[in-house]
Each structure stands twice: as C-alpha cells, then as structure tokens.
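J.: Provided below for reference: sequence and predicted model.
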Amino acid sequence: MDYRAAEQLLAARDPRGAVRLLDSVIAAHPENTAARLLRARAFFASAQLRPAQLEFELVLEREPDNAFAHFALARTHERAGRPEQARRHFRLAAALDPQPEYLAAARFES
C-alpha cells in the first residue's frame, strides 16, 4: 500500500519520495483526507511551503476542527514569514485541542 510506504519514507526523512507515492494515492482517491494530510506534511518537510499550505488548507476545508492541521498550517505560515496568519492558526489549534505544544505556540498572553 503506497500510503504506508509514504509514511515510512517520511519517517526515514525522504519527504520527496513520500510526495511521489502520495501523488498516485491522491490521484486515485482525491477524497482521502489522511493522504492529503500526509502529503502536506511531506511538502512541509521538503520546504515546499506553498504546496504544503494549499494541502493543509484543503484538509481544513474538509475538517475545520482538525487541530493538528491548524497547527501544521501555522508552522507553514511561520516558516514562510507570515506571523499573523501563523498566530491565528496556532490559536485555533490550541482552542480545539489544548495540548501543551499548541498552547505554547499560541502565546495567548501576548
């Protein structure tokens, strides 16, 4: 299964290889949100920030309450030098799932 192989490639620090495998998965099953989220992570890991952003946004259109997708989109905005967009998504992630990493990134006190 290409999805599992893509997970392994991402874990082995081969995000571009993961993207290649996931392209075929998504072409065959465009509604597969898990594959899209994994591809977004692979784009991010390979510093392809615009494709990562678009993929995370698509996941959030389908799953607006996905705290991880908000957090990852925030990291993407942060890395691209867009702090205001990042803060918005960090705060949404923390509001949806108040785990310590999300709360720290949200910086509610500032």
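T.: On my side now, so go ahead.

J.: Might you list the low-confidence residue ranges for this structure?
T.: 109-110 (pLDDT under 70).

J.: rerun at 80
T.: 1, 109-110 (pLDDT under 80).

J.: Please enumerate the helices of it.
T.: Taking DSSP state H to define them, one finds helices in the chain at 2-11, 15-28, 33-45, 49-62, 67-79, 83-96, 100-106.

J.: could those go into TSV alongside mean neighbour count?
T.: Bear in mind the C-beta positions are built from the backbone N, C-alpha and C, glycine included. Output for the helices of the chain, formatted as TSV (neighbours: other C-beta atoms under 10 Å):
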stretch	mean neighbour count
helix 2-11	17
helix 15-28	18
helix 33-45	22
helix 49-62	18
helix 67-79	22
helix 83-96	19
helix 100-106	15
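
J.: Distance of M1 relative to R16?
T.: Spatial separation of M1 from R16 under the definition C-beta to C-beta, to the nearest Å is 19 Å.

J.: go on, R79?
T.: Using C-beta to C-beta, one obtains 17 Å as the distance from R79 to R16.

J.: Ok, L96 next?
T.: Applying C-beta to C-beta, the value for L96 to R16 is 30 Å.

J.: now A69
T.: For A69, the distance to R16 equals 21 Å [C-beta to C-beta].

J.: Could you do L103 as well?
T.: Noted for L103: a distance of 33 Å to R16, by C-beta to C-beta.

J.: Quick check, E63 in contact with A69.
T.: Yes: taking contacts as C-beta atoms under 8 Å, E63 lies within contact range of A69: 6.6 Å.

J.: For D2, which non-adjacent residue is closest in space?
T.: In space, not counting the residues next to it along the chain, D2 is nearest to L21; the distance is 4.5 Å by C-beta to C-beta, 6 or more residues apart in numbering.
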